[in-house]
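In: Sequence first, then the predicted structure, then my questions.
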Amino acid sequence: DGGITQSPKYLFRKEGQNVTLSCEQNLNHDAMYWYRQDPGQGLRLIYYSQIVNDFQKGDIAEGYSVSREKKESFPLTVTSAQKNPTAFYLCASRDRGMNSPLHFGNGTRLTVT
Amino acid sequence: DQQVKQNSPSLSVQEGRISILNCDYTNSMFDYFLWYKKYPAEGPTFLISISSIKDKNEDGRFTVFLNKSAKHLSLHIVPSQPGDSAVYFCAASAFGNQFYFGTGTSLTVIP
């Protein structure tokens, strides 16, 4: 089955620790995205990557870092510099072409205490 | 500033009736618009999309209407079913780059 896998589903960390969220896709999509969802705020873009070894900041990139060494993988690191890291994180990918929709994974709920 | 807005946080509709979800945008460069359905603790599921060269797109019970002059789009669900109860997000992009999402509308279909 083709799809986007985010792991783990739930993640707990202590304040001050960096944590990396995994996102893998086997859809052969070129572009990958990270969004964050908070209550009442919809989905906000953290980072996106259109091709391997290239990525761009979204609206709320501060305190996050990414890498895109392989087409199928786009891990997100939440650093200790992120002031409010507790959130639901969603990874997405899309095929080439302007009118291709985003396809989402099932998300990772990160709780930092 | 929010470029895509969904001003109704919630909507309740009787089963079998029409559900109309609304979305407004501010960026005139947006050329592709989408609707997603989302359940709690899951990723959004793509429902239907429309490009700016069209004003209507239909897929089964779902129809999306685009009014470019008003910068407004809507999703019609007919007939509404209890399984349609979820949060619906509209999204928009320009040239296939960043995708901007609204804050969502929670739809409840009452049996």
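Out: Perfect, I can see it now.
In: host element of residue 24?
Out: Let's take chain A. According to DSSP states H and E, A:Glu24 maps onto strand A:19-25.
In: Let me rephrase: I mean chain B.
Out: Judged by DSSP H and E, B:Asp24 forms part of strand B:19-25.
In: Report the next helix or strand after that strand in sequence order.
Out: Next in sequence after strand B:19-25, counting helices and strands by DSSP H and E, comes strand B:32-38.
In: Do a quick rundown of the helices in chain A.
Out: Taking DSSP state H as the test, none of chain A falls into helices.
In: In it, which residue sits closest to chain B?
Out: Closest residue of chain A to chain B, C-beta to the nearest C-beta: A:Phe104 (3.4 Å). Just so you know, the C-beta spots here come from the backbone N, C-alpha and C atoms, and that holds for glycine as well.
In: related to what we said a few turns ago, report the buried residues of the strand holding A:Glu24.
Out: For strand A:19-25, the neighbour count (16 or more other C-beta atoms under 10 Å in any protein chain shown) marks A:Val19, A:Leu21, A:Ser22, A:Cys23, A:Glu24, A:Gln25 as buried.
In: if I look at the last one, how far off is A:Val112?
Out: Separation of A:Gln25 from A:Val112 (C-beta to C-beta, to the nearest Å) stands at 26 Å.
In: B:Phe62 too?
Out: Taking C-beta to C-beta, one finds B:Phe62 at 38 Å from A:Val112.
In: related to what we said a few turns ago, could I get the buried residues of strand A:19-25 in CSV, plus columns for pLDDT?
Out: Below are those laid out as CSV (pLDDT from 0 to 100):
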residue, pLDDT
A:Val19, 95
A:Leu21, 96
A:Ser22, 96
A:Cys23, 97
A:Glu24, 97
A:Gln25, 97
